[in-house]
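[1] Sequence and computational prediction follow.
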Amino acid sequence: MSMRNGPDAGPQVFVPRSPVLRRWQDEWERWAEGSEAAAGLARWSTDPVLAAHTGSVAVLLASAGRDLAVPVAAADRVLAGLVRWAVAGDLAAARVVLERVVPALTAAAWRSCRHRRAAFGEVFAELVGAAWIRIRCYPLERRPAKVAANLVHDAVAPVCGYTPALRRRTVPAGLLPHALTQPERDAVPGLRHRPRLTTATRPAADGDASTTAREGGAPRGALAELFTVLVDGRTAGVPAERLRVLAELGLVGLSPAELAARDGVTPRAVRARRDAAVGALRAALLPAGVSS
């Protein structure tokens with residue numbers, strides 16, 4: 001799918017690139033010219049929020065945000081008005097709302113099928129189904145703003161495991177590093193022959209600094225102290241995925257280059273994650289006014 005964008009932005013032009021999307025577009029165009037859509041326009045013409053946009057389904061769709069020239073706040077009001085009808089049981093309104101978010105669902109499906117090695121049609125169908133359910137039960141009173149973004153997020157998250165951009169560079173999991181399989185270890189340069197983190201190499205509870213916890217010779221006491229700091233940070237509310245990078249660098253002994261190779265990011269991104277984690281720990285654990 002491609003869409004017109006940029007300084008001359010207007011209604012987004014849905015240009016299907018796959019048979020699945022071509023069929024979707026054909027069905028949408030037929031529906032928009034049919035009796036169900038016409039009856040919906042007649043109903044919505046009595047709605048103070050939607051009345052001015054009910055000249056046609058295309059106009060209504062553009063006013064709900066598919067026309068990028070429409071101010072975001074105005075588009076959000078129109079979309080919220082349609083969602084209100086959809087939640088009340090108006091299937092035609094739900095169909096227009098669904099079409100409004102199809103470009104974003106399409107982009108999410110393409111990204112997901114690359115990562116999951118799944119067929120695009122299967123992922124797209126899952127996303128459409130999830131979006132339809134969410135549209136019909138969207139909590140408009142609780143989330144009245146950014147409706148399109150919320151709907152897309154709510155549909156994508158259970159299907160594709162979406163995480164916010166800030167967290168996307170860190171594998172979301174618990175505080176302790178996950179145990180890599182041997183193929184995963186072999187895929188990371190320099191990690192193939194590194195000893196696994198086992199009970200023998202975990203930080204000692206008694207903080208005995210006379211023994212070493214890993215091949216590099218770091219004392220167990222230092223690792224135990226780091227582990228304690230990470231647990232304290234988690235208890236103080238620092239997200240586990242933020243702290244994970246420190247666990248992998250400090251407890252496992254991976255280098256920024258090794259983490260970057262494993263996660264498909266640059267070493268600079270790993271260092272940025274590390275610095276963000278350290279900053280979060282400082283803010284959570286140090287008294288107010290203490291900067292270091």
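    Yes, it's here. Numbering: from 1, shown residues only.

[2] now whichever helix or strand Ala125 is part of: how far from the chain's centre is it?
    If you go by DSSP states H and E, Ala125 is part of helix 120-136. The chain centre lies 16 Å from the centre of helix 120-136; the measure is C-alpha atoms, centre = their mean, to the nearest Å.

[3] Could you list the buried residues of that helix?
    120-121, 123-124, 126-128, 130-132, 134-136 (16 or more other C-beta atoms under 10 Å). The way it works is simple: take the backbone N, C-alpha and C, and place the C-beta from them, glycine included.

[4] Would you mind giving the residues you listed as TSV with pLDDT and distance to Arg244 added?
    Formatted as TSV, the buried residues of helix 120-136 follow (pLDDT from 0 to 100; distance: C-beta to C-beta, whole Å):
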residue	pLDDT	distance to Arg244
Phe120	85	31
Gly121	86	34
Val123	86	27
Phe124	89	31
Glu126	88	28
Leu127	90	28
Val128	91	33
Ala130	89	28
Ala131	92	31
Trp132	93	35
Arg134	91	29
Ile135	94	34
Arg136	92	36
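
[5] would you list every one of the helices in the stretch 51-200 of the chain?
    For the stretch 51-200 of the chain, the helices defined by DSSP state H, counting those that start in this stretch cover 57-61, 72-87, 91-116, 120-136, 147-160, 182-187.

[6] re the thing from before, among the buried residues of helix 120-136, which one sits closest to Ala93?
    Using C-beta to C-beta, Ile135 comes nearest to Ala93 of the buried residues of helix 120-136, at 8.7 Å.

[7] Next one: that closest one from Ala155, what distance?
    As defined by C-beta to C-beta, to the nearest Å, Ile135 lies at a distance of 9 Å from Ala155.

[8] Leu286 now?
    In terms of C-beta to C-beta, Leu286 sits 40 Å off from Ala155.

[9] So the two - more neighbours on which side?
    More neighbours surround Ala155 than the other of Leu286 and Ala155, with 26 against 11 (other C-beta atoms under 10 Å).

[10] Quick one: residues contacting the more buried one.
    Going by C-beta atoms under 8 Å, 6 or more residues apart in numbering, Ala155 touches Val101, Leu105, Leu127, Ala130, Ala131, Arg134.

[11] Check the secondary structure at Gly237 for me.
    Under DSSP: H, G, I helix; E, B strand; the rest coil, Gly237 falls in the coil class.
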